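K.L.:
any chance you could fold what I've pasted below:
(chains A, B, C and D)
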2 protein chains.
Amino acid sequence: MHSSELLKGTLQTIVLKVLKDHGRMYGYEITQRVKELSDGRILLTEGALYPSLHKLEAEGLVKTEIVNIGKRIRKYYLLTSPGKILAKDRVTEFVDFISTMRSVLQVKMN
Amino acid sequence: MHSSELLKGTLQTIVLKVLKDHGRMYGYEITQRVKELSDGRILLTEGALYPSLHKLEAEGLVKTEIVNIGKRIRKYYLLTSPGKILAKDRVTEFVDFISTMRSVLQVKMN
DNA sequence: TCTTATACATAATTATCTTATGTATTCGTG
DNA sequence: CACGAATACATAAGATAATTATGTATAAGA
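P.N.:
Residues are numbered from 1 along each chain as shown, chains lettered A, B, ... in the order given. Coordinates of the predicted model:
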């Protein structure tokens, strides 16, 4: 499990990117997908994820579809057009940031 | 200039690593060195740097040497032995984190 | 002389995350 | 079939770390 300090600031980027890659997803599914992709090293907490999703929705970057699965509700999130653009920008920003950090820390990252 | 969100959590790692690479340095010098290494993309703010250095000192990870330059004081920071170990660990942690993020975001970096 | 750079520092505010708590359904297993 | 674990949503309190603002002072350069 990674030190959570470094994870700060990356949550929105992660959420936008997995939504971009997997189409519509619901909250719990996002946590599981990220856990899987990170080989158990990034465990998104609900206390961080849900407020983040709600914020993205309020900003029009994602839209939702509520589906009933038996008696349980499931709230799917999908990127809007601005959301797709932002997803791309955030990933680019992250890649650039890593490039800069590589220079500062003088290490190779592969 | 990078979005500061991503920078969060990396300050201590940066400070420890530049101290490790450059020996004794004073606060202002650290900001300038990081600015130089990052090609102007990472500008450490004093409000973040000084408290961070003081914390490292309180934890015995750096020690200080105060030098008078004319009428001005200059406070040099040097890594202690535990500080050197931590510097190495923090960089390793960062590299591992990037590796994980690469898997999650499914991008190549370099 | 006056602006910019050097050099330290702290305080108030903001943002984001963790931890804790809450509710409820569904699945798996002894 | 009972019960714990997993699924699935959500919010609130508290912690932490950063930004922004402010303060003091010297030195250099135009």
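
K.L.:
nearest spatial neighbour of A:S99, skipping sequence neighbours?
P.N.:
Of all residues not flanking A:S99 in the chain, B:M109 sits nearest, at 7.1 Å (C-beta to C-beta, 6 or more residues apart in numbering or on different chains). C-beta coordinates here come from the backbone N, C-alpha and C atoms, glycine included.

K.L.:
that neighbour and DNA strand C, how far apart?
P.N.:
20 Å (C-beta to the nearest atom of the strand, to the nearest Å).

K.L.:
neighbours around A:T45, how many?
P.N.:
Neighbour count for A:T45, taken as other C-beta atoms under 10 Å in any protein chain shown: 10.

K.L.:
so the closest residue to A:G23 other than its chain neighbours is in which element?
P.N.:
For A:G23, ignoring the flanking residues on the chain, the nearest one in space by C-beta to C-beta, 6+ apart is A:L78 at 7.0 Å. Here A:L78 sits within strand A:72-79, counting by DSSP states H and E.

K.L.:
with A:R41 instead?
P.N.:
For A:R41, there is no helix or strand it lies in under DSSP H and E.

K.L.:
surely it meets B:M101?
P.N.:
No: proximity of A:R41 to B:M101 does not meet the contact threshold set by C-beta atoms under 8 Å, at 9.6 Å.

K.L.:
quick one: which of the two has more around it?
P.N.:
A direct count of neighbours by other C-beta under 10 Å for A:R41 and B:M101 places B:M101 higher, at 27 against 18.

K.L.:
you'd agree the more buried one is up against A:F94?
P.N.:
Yes: contact criterion C-beta under 8 Å: B:M101 and A:F94 qualify, at 7.2 Å.

K.L.:
chain A against DNA strand D: which residues are in contact?
P.N.:
A:5, A:26-29, A:32, A:46-47, A:50-51, A:53-54, A:69, A:72-75 (C-beta under 7 Å from any atom of the strand).

K.L.:
those strands in chain A, which residues are they?
P.N.:
A:25-26, A:62-69, A:72-79 (DSSP state E).

K.L.:
how about these in CSV, adding mean neighbour count and mean pLDDT?
P.N.:
Formatted as CSV, these follow (neighbours: other C-beta atoms under 10 Å in any protein chain shown; pLDDT from 0 to 100):
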stretch, mean neighbour count, mean pLDDT
strand A:25-26, 20, 97
strand A:62-69, 13, 93
strand A:72-79, 15, 94
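
K.L.:
of all the ones you listed, which one is nearest A:L19?
P.N.:
With C-beta to C-beta as the measure, strand A:72-79 is the member of those nearest A:L19 (5.1 Å).

K.L.:
noted, bye for now.
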